[in-house]
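Novice: Okay, sequence plus prediction incoming.
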Amino acid sequence: MITCHSDSMIHDNNIIASVESSDGITFQSYVEVAIVGAGACGLTAALAAKEKTDDVIILERDATPSGSTSLSSGFIPAAGTMAQKAKGISDSAEVFEEDINKKANGRQNKELSNIVAYQCGKVLDWLTLKHDINWCVLDSFLYPGHAFHRMHAVKEKTGSGLINRLQAASEREGISLSTNCLVDTIFMCNDLVQGLRVTRPNGTHEFIECGNLILACNGYGANKELVKKHIPEMSDALYFGHSGNQGHAVLWGEQLNAKIKHMSGYQGHGSVATPHGVLITWALMMEGGIQVNQKGCRFSNENEGYSEQSVHVLAQPGQVAWAIYDEKLHSLGKEFPDYIQAFKSGAIKTGKNASDLADIIGINRDGFKKTLQDVECYTRKDKLDPFGRKFKRELDSENKLFGIKVTGALFHTQGGLIVNSKAQVLKMDGKSIGNLFAGGGAACGVSGPDVSGYLSGNGLLTALTLGWLAGQNISIK
Ligand SMILES: Cc1cc2nc3c(=O)[nH]c(=O)nc-3n(C[C@H](O)[C@H](O)[C@H](O)COP(=O)(O)OP(=O)(O)OC[C@H]3O[C@@H](n4cnc5c(N)ncnc54)[C@H](O)[C@@H]3O)c2cc1C
């Protein structure tokens, strides 16, 4: 049985996230499908659910939906899509699954990684065919850990472009979106969701009965207490995700006796321009750039991945590093909207050679020159990089170089509710709560228990795929 509480559960940071019995509650309205959160997961779930019923509502706490999705780069990994085939990319779900598995060192939720690797391509094709959302495949560089070019983006190559298109599709379908609706209480009866309570900004409440409830309210990145408890190494780090991600799904899950896993897993990023607060594309590092600290020295294998690099950067003096690269990589960077924004905001410094750049950005000149000499040796294979990176090209210390001061940040959490192949929430005894679904950051992802297991794109991968599965598997009275 699910434990129900008669009083509202007020958690740390004064967040109300309660599970209560529906006994004695008078609901003011009924909806077949209620979805909490209007990010990529919630909107995708709504589009899928709409194929089964017209009675779908999305409840969003913000006045204008944005979520972490709109802050993101909007890149979604998927295998075997029409967009890949059109480019002659012979990727497969099998290889994609292997890549997820390798990055997480086999510690991820394997049932889920199999599902998302095989289903995400279908979701993207469905969005194209049914909802006119077209994808380009990013092929100017290979994201760390991916064997093929499989990162898909809308034309704008931004998360806001992605959310705008999902929202436009949902408007075309006539799906109701109610904003300024903070869902804070779930009502249960006989191990099934009976309804929920919405609190409006003016403090008034609405009680809505629902046939199905989909949790698409992301993780707990913005909840300081939960981050401190589960991800202590990031408790003082910059949080770069959406402030509304307060951990409602896991707080409800705890009261529902739901299975919750990998709460220490997360996506970090080791390349946020500081103090400008702009994400710098990791393409620079994958194609020959390096990161150095104040002493001018490298401190890690930059090609392992941007997520774990967050921890390496935060371990450097002043918790900062400098991304260093050349003119060719500057041209590559200009393909990314964030990079152009960084350029306009003055984050990108240039020097006519290595010594000049070192003086401009304030790092140790001799240490920096020695680092560049070492990289030359690693490229020529005269020496092995102690961090294990295989260099394909060197940076010419006598020519123009670029530098950006960066720090490490927490982007989003990967731990959460364990769901089955229908995206239904599972309880500790392994049984599902039949009409409760979770996806995206609300659910446990496929990155395992720590930062290094995050393969680029694991966030939107489970947002879209689990949202789609949840919407498909609702049951209608
Ligand atoms: C800077 C940055 C770049 C990123 N780039 C990528 C990328 O390129 N590829 C990738 O795969 N991932 C990326 N990510 C991660 C990605 O953004 C997330 O994994 C993804 O957006 C999660 O989608 P979601 O729908 O679960 O959550 P969100 O998009 O955060 O949506 C959740 C919504 O729920 C609402 N909400 C929360 N609680 C409640 C409540 N109680 N009641 C009502 N509403 C509520 C929130 O306001 C929010 O609108 C990036 C993240 C960041 C921060």
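Specialist: Okay, I see it. Numbers count the residues shown, from 1 in each chain.
Novice: what's around H131, how many residues?
Specialist: By the criterion of other C-beta atoms under 10 Å, H131 has 17 neighbours. Bear in mind the C-beta positions are built from the backbone N, C-alpha and C, glycine included.
Novice: Revised request: answer the last question for N180.
Specialist: Neighbour tally, N180, other C-beta under 10 Å: 15.
Novice: can I assume it is in contact with P65?
Specialist: No. Under the criterion of C-beta atoms under 8 Å, N180 is not in contact with P65, lying 10.8 Å apart.
Novice: Leaving out the residues flanking it, which one is nearest to G42?
Specialist: Spatial nearest neighbour of G42, excluding adjacent residues (C-beta to C-beta, 6 or more residues apart in numbering): A216 at 3.4 Å.
Novice: Pull the contacting residues for the one you found.
Specialist: 35-39, 41-42, 45, 438-440, 442, 463, 467, 470 (C-beta atoms under 8 Å, 6 or more residues apart in numbering).
Novice: so which of these are also by the ligand?
Specialist: Applying C-beta under 6 Å from any ligand atom to those, one finds that 36-39, 41-42, 440, 463 fall near the ligand.
Novice: Can you tell me, leaving aside adjacent residues, what's nearest to I260?
Specialist: Per C-beta to C-beta, 6+ apart, closest to I260 is G253, 5.3 Å.
Novice: Could you report the pLDDT at H5?
Specialist: What the model reports for H5 is a pLDDT of 38.
Novice: For the longest strand seen in the chain, C-alpha coordinates in CSV please.
Specialist: If you go by DSSP state E, the chain has its longest strand at strand 401-413. The C-alpha trace of strand 401-413 is given here as CSV (Å, rounded to 0.1, in the frame of the first residue of the first chain):
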residue,chain,number,x,y,z
LEU,A,401,45.3,31.8,-30.5
PHE,A,402,42.0,32.2,-28.7
GLY,A,403,41.2,31.8,-25.0
ILE,A,404,38.0,31.7,-23.0
LYS,A,405,37.8,31.7,-19.2
VAL,A,406,35.4,28.9,-18.2
THR,A,407,34.1,27.2,-15.1
GLY,A,408,32.3,23.9,-14.3
ALA,A,409,28.5,23.8,-13.7
LEU,A,410,25.7,21.5,-12.9
PHE,A,411,23.3,21.2,-15.8
HIS,A,412,20.7,18.7,-14.7
THR,A,413,20.3,15.7,-12.5
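Novice: The helix or strand just after that strand and the ligand, are they touching?
Specialist: Downstream of strand 401-413, the first helix or strand assigned by DSSP states H and E is strand 416-417. No. Counting by C-beta under 6 Å from any ligand atom, the ligand is not contacted by strand 416-417; separation bottoms out at 9.4 Å.
Novice: Contact residues of the stretch 351-477 of the chain facing the ligand?
Specialist: Going by C-beta under 6 Å from any ligand atom, the residues of the stretch 351-477 of the chain near the ligand are 411-412, 440-441, 457, 459-461, 463.
Novice: Looking at the stretch 301-450 of the chain, which residue is nearest the ligand?
Specialist: Proximity of the stretch 301-450 of the chain to the ligand (C-beta to the nearest ligand atom) peaks at G440, 2.2 Å away.
Novice: What is the neighbour count of that residue?
Specialist: 36.
Novice: Identify the residues contacting it.
Specialist: The contact partners of G440, by C-beta under 8 Å, 6+ apart, come to 37, 39-42, 216, 218, 459, 462-463, 466-467.
Novice: coming back round to it: select from the residues of the stretch 351-477 of the chain next to the ligand every entry located in strands.
Specialist: Reading strands off those with DSSP E, I get 411-412.
Novice: Is it possible to get CSV of the residues of the stretch 351-477 of the chain next to the ligand that adds pLDDT?
Specialist: What follows is these, written out as CSV (pLDDT from 0 to 100):
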residue, pLDDT
F411, 97
H412, 97
G440, 98
G441, 98
G457, 98
G459, 98
L460, 98
L461, 98
A463, 98
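Novice: Using CSV, write out the CA atom coordinates for the helix or strand encompassing Y30.
Specialist: Using DSSP H and E, Y30 falls within strand 29-36. Output in CSV follows, covering the C-alpha atoms of strand 29-36 (Å, rounded to 0.1, in the frame of the first residue of the first chain):
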residue,chain,number,x,y,z
SER,A,29,-13.0,19.1,-12.8
TYR,A,30,-11.9,15.9,-14.5
VAL,A,31,-9.3,15.3,-17.2
GLU,A,32,-8.2,12.1,-18.8
VAL,A,33,-4.5,13.0,-19.0
ALA,A,34,-2.8,15.6,-16.8
ILE,A,35,0.9,16.3,-17.5
VAL,A,36,3.1,18.2,-15.0
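Novice: What segments of the stretch 1-150 of the chain are strands?
Specialist: 10-11, 15-16, 18-21, 29-36, 56-59, 76-77, 136-137 (DSSP state E, counting those that start in this stretch).
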